[in-house]
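A.B. asks: Just need the structure, nothing else, for what follows:
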Amino acid sequence: MNTKLSDIKHEKHEVDASGEVLGRLAARIATRLTGKNKPYFVRHLDCGDFVTVSNAAKIRVTGQKLSQKVYTRFSGYPGGLKKTPMKKMMAEKPTEVIRHAVAGMLPKNKLQSVWLKRLTIKP
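C.D. replies: Now for the predicted structure:
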């Protein structure tokens with residue numbers, strides 16, 4: 001059976017992040033966004049669902065990640081490397097911690113931006 005665009009249904013899912021481990025939560029969200037949990041999944045079509053995450057500030061991390069993990073961004077200019085420790089990121093923008101983890105688990109293709117637009121994270 002070939003999957004057609006008319007066969008695809010985009011559902012809405014609510015996820016409560018309180019007490020969840022970051023990596024396991026991100027993997028579950030990435031599966032829902034891509035639509036891999038559906039029987040008619042195909043890689044070249046957008047079969048994913050809308051996902052809303054609540055209580056982002058209440059996630060857990062295992063090991064020493066809170067003190068050791070560092071998020072880096074580079075502007076492209078000399079001296080433009082910015083480093084932010086996870087502890088500071090969790091205090092200021094806990095939604096970005098989840099978004100970054102989910103983006104890392106999605107395939108790097110043209111559908112990645114479409115899937116990330118379907119992700120809503122509430123602190």
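
A.B. asks: mind listing the helices in this protein by residue range?
C.D. replies: Listed in chain order, the helices found in the chain under DSSP state H are 22-34, 65-68, 86-92, 94-105, 112-117.

A.B. asks: check contacts around the most centrally placed residue in the chain.
C.D. replies: Closest to where the C-alpha atoms of the chain average out (CA atoms, centre = their mean) is Val102, at 2.2 Å. Shown here is Val102, whose contacts under the criterion CB atoms under 8 Å, 6 or more residues apart in numbering are Ala26, Ile29, Ala30, Leu33, Leu116, Leu119. Where you see a C-beta, it was placed from the backbone N, CA and C, and this is true even at glycine.

A.B. asks: Which one of those residues sits in the busiest neighbourhood?
C.D. replies: Leu33 (26 neighbours; other CB atoms under 10 Å).

A.B. asks: Check what pLDDT that one gets.
C.D. replies: The predicted structure scores Leu33 at 98 on the pLDDT scale.

A.B. asks: could you measure Lys108 against Thr52, distance?
C.D. replies: When CB to CB, to the nearest Å is applied, the distance between Lys108 and Thr52 equals 24 Å.

A.B. asks: Where does pLDDT dip in this protein?
C.D. replies: Counting by pLDDT under 70, the chain shows low-confidence ranges at 1.

A.B. asks: now do 90
C.D. replies: Regions of the chain meeting the criterion pLDDT under 90 cover residues 1-2.

A.B. asks: what number of residues lie near Ala17?
C.D. replies: The number of residues packed near Ala17 is 24, by other CB under 10 Å.

A.B. asks: Let me see the contact set for it.
C.D. replies: Under the criterion of CB under 8 Å, 6+ apart, the contact list for Ala17 reads Leu25, Val53, Ser54, Asn55, Ala56, Lys58, Ile59, Ile98.
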